[in-house]
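Q: dropping the sequence and predicted coords here.
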Amino acid sequence: MRRSEINGYIREAKEFIKEMNFFLPPFAFWSPEDWRQKGSEYGEIRKNQLGWDLTDFGGGSYEKLGLFLFTIRNGNTHHPSCKKTYAEKILLVRPGQLTPYHFHRGKMEDIINRGGKGPLNVQVYCSAGEKELDRSSRVPVAVDGRNYLAEPGSVIRLLPGESITLFQGVFHQFWPEDAQLLLGEVSMVNDDHADNFFLEERGRFPDITEDEAPLHLLVSDYGK
């Protein structure tokens with residue numbers, strides 16, 4: 001992806017988040033120059049990858065296969081000094097855009113339709129292995145406190161304010177029906193380097209062509 005594209009998506013996201021009356025933490029608005037002046041006391045942000053994030057899942061077609069994220073808080077299973085056992089994100093999904101099938105071994109998560117004009121569709125299967133859907137077993141889910149077994153391949157429709165709990169080992173893919181949505185994610189510690197298991201081979205972080213300066217750093221920029 002081109003940096004100019006990413007900057008454009010961040011500008012659009014900031015406007016949409018503001019329209020949804022959701023408030024981001026101060027570090028969301030830091031420039032690269034601001035970051036250069038921040039000391040080690042902000043190491044948690046860098047180490048736990050808080051902040052702006054987006055992915056085209058290695059497909060090169062973000063509008064069709066992609067996801068925009070901002071991580072507000074997170075722990076870190078690789079650093080015992082980090083005591084947080086939880087994470088929180090917001091996600092932006094656009095009409096026609098799919099987040100493809102994946103599951104987590106370590107993380108249980110809630111996906112919440114926080115706002116927008118329409119439902120979110122979440123399709124679920126149990127996993128029969130890292131690269132295989134279990135097409136015969138019913139799927140344990142919880143939808144706003146209602147725990148039940150869904151039929152394999154069920155599409156669960158979440159209206160604004162509704163949520164689903166996705167347990168470890170449950171393959172899920174999701175997409176908005178007809179409008180951009182603001183989603184929330186509340187979960188156990190998130191590890192994007194070791195705990196995403198995609199049904200098909202996917203990349204998590206985009207390859208970036210630097211055609212202009214970053215508006216804000218992505219979490220994948222912190223180590224550069």
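A: Thanks, I have the structure now.
Q: and residue 175, what pLDDT?
A: Model confidence at residue 175, given as pLDDT, is 98.
Q: ignore what I typed, I meant residue 79.
A: For residue 79, the predicted pLDDT is 86.
Q: give me phi/psi at it?
A: Dihedral pair for residue 79: phi -130, psi 100, per degrees, to the nearest 10.
Q: so how far is residue 70 from residue 100?
A: To residue 70, residue 100 is 20 Å away according to Cβ to Cβ, to the nearest Å. From N, CA and C alone the C-beta is placed, and that goes for glycine too.
Q: ok, the two, which is more surrounded?
A: residue 70 (24 against 18; other Cβ atoms under 10 Å).
Q: what's the lengthiest helix in the chain in contact with?
A: As assigned by DSSP state H, the longest helix anywhere in the chain is helix 3-19. Residues from elsewhere that reach helix 3-19 (Cβ atoms under 8 Å, 6 or more residues apart in numbering): 24, 28, 52, 54, 62, 68, 70, 90, 92, 180, 182, 206, 208-216, 218.
Q: and with 6 Å instead?
A: The contact list for helix 3-19 (Cβ atoms under 6 Å, 6 or more residues apart in numbering) reads 68, 92, 208, 210, 211, 212, 215, 216.
Q: ok, now stretch 138-155?
A: Applying Cβ under 6 Å, 6+ apart, the set of residues contacting stretch 138-155 from outside is 121, 123, 124, 125, 126, 135, 162, 163, 164, 165, 167, 170.
Q: equivalent analysis for stretch 75-89, please.
A: By Cβ under 6 Å, 6+ apart, stretch 75-89 touches 48, 69, 71, 72, 73, 74, 185, 186, 187, 189, 190, 191.
Q: is it correct that the first one is in contact with residue 72?
A: Translated: residue 48. No. Assessed by Cβ atoms under 6 Å, residue 48 is found out of contact with residue 72, at 10.7 Å.
Q: which of those two has more neighbours?
A: residue 48 (22 against 17).
Q: in terms of pLDDT, where does the more buried one sit?
A: Confidence score, pLDDT, at residue 48: 96.
Q: how near is it to residue 192?
A: Counting by Cβ to Cβ, the gap from residue 48 to residue 192 is 11 Å.
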